[in-house]
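Engineer: What follows is a protein structure lacking sequence information:
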């Protein structure tokens, strides 16, 4: 457990020292508290909550109200981790003014340390405006889930020369616009290494290899909550899903057999009081 608040200044300091940044997603109070107590450097309230918590097919249905609701819960469980919230689809795409206003909602209502915005060169003006409003921004390039319909699915980005050059251009543009860090998702490891070496701000990889300045995973993937699909880039560090299922099965069995609740789980009363009830 770390006993010091991780701040935006620590992002660059970690990169300068070559110290890796450990980030995980969180969507509720109890998980946030566990991860914060474990000493994770940063927590991301990702719009991935659309799939992990709300059962949506992708992130496009997630609203500002969804994000604010979950981020407020995560903030209540977070003491030291650097808290980032995803700006959901269409919350920053229409006008720069609306983007700043919505970013401000995250700061005012959910007390975040930063917001995350998907996109590169085309989002530089928006990032610059949000930063000008004194709100730190984490950028996100590569496989940007809000662009899933443009990409034609969840596919690795940056494999061709043109795509690789575009991603480097994107990374430099968001850095110049004032982003404090950048997420690189599903790009070749060698390209992520090149980008990480070119930037002064830290890169946070998810499916981008070991040479990024930090790593992030969706907590449900990392602890094995889902049995149906595990992305290639995920390492399961626990099998919590199987444990929960086994615990629920044991609970059902003990209720049916009468083993639960036992005497140790019940409360007594005075026999004289009981006799007066008959």
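Structural biologist: That came in fine, so what should we check first? Quick caveat, the model's predicted, so the values are computed rather than measured.
Engineer: All the helices of the stretch 151-278 of the chain, residue numbers only.
Structural biologist: Taking DSSP state H, counting those that start in this stretch as the test, the helices found in the stretch 151-278 of the chain are 161-177, 189-198, 219-222, 240-257, 271-275.
Engineer: Centre of the chain to the second one, how far?
Structural biologist: For helix 189-198, the gap between its own C-alpha mean and the chain's C-alpha mean amounts to 22 Å (C-alpha atoms, centre = their mean, to the nearest Å).
Engineer: so which of the helices of the stretch 151-278 of the chain comes closest to residue 79?
Structural biologist: helix 219-222 (17.5 Å; C-beta to C-beta). From N, CA and C alone the C-beta is placed, and that goes for glycine too.
Engineer: Now do the same contact list for residue 47.
Structural biologist: The neighbourhood of residue 47, defined by C-beta atoms under 8 Å, 6 or more residues apart in numbering, consists of 59, 62, 67, 86, 88, 89, 145, 146.
Engineer: Surely it is in a strand?
Structural biologist: No - secondary structure of residue 47 (DSSP: H, G, I helix; E, B strand; the rest coil): coil, not part of a strand.
Engineer: Tell me how far residue 231 lies from residue 71.
Structural biologist: Distance from residue 231 to residue 71, counting by C-beta to C-beta, to the nearest Å: 24 Å.
Engineer: Looking at these two, which is more packed in?
Structural biologist: residue 71 (28 against 12; other C-beta atoms under 10 Å).
Engineer: my guess is that one contacts residue 106, does it?
Structural biologist: Yes - Residue 71 lies in contact with residue 106 (C-beta atoms under 8 Å); the separation is 6.5 Å.
Engineer: tell me, what's touching the two both at once?
Structural biologist: Counting by C-beta under 8 Å, 6+ apart, the contacts common to residue 71 and residue 106 are 85, 112.
Engineer: Backbone dihedrals for the spatially closest residue to residue 129 that is not a sequence neighbour, both of them.
Structural biologist: Ranked by C-beta to C-beta, 6 or more residues apart in numbering and with sequence neighbours excluded, the top spatial neighbour of residue 129 is residue 96, at 4.7 Å. In terms of degrees, to the nearest 10, the main-chain angles of residue 96 are phi -60, psi -40.
Engineer: what sits against residue 96?
Structural biologist: Contacts of residue 96 (C-beta under 8 Å, 6+ apart): 125, 126, 129.
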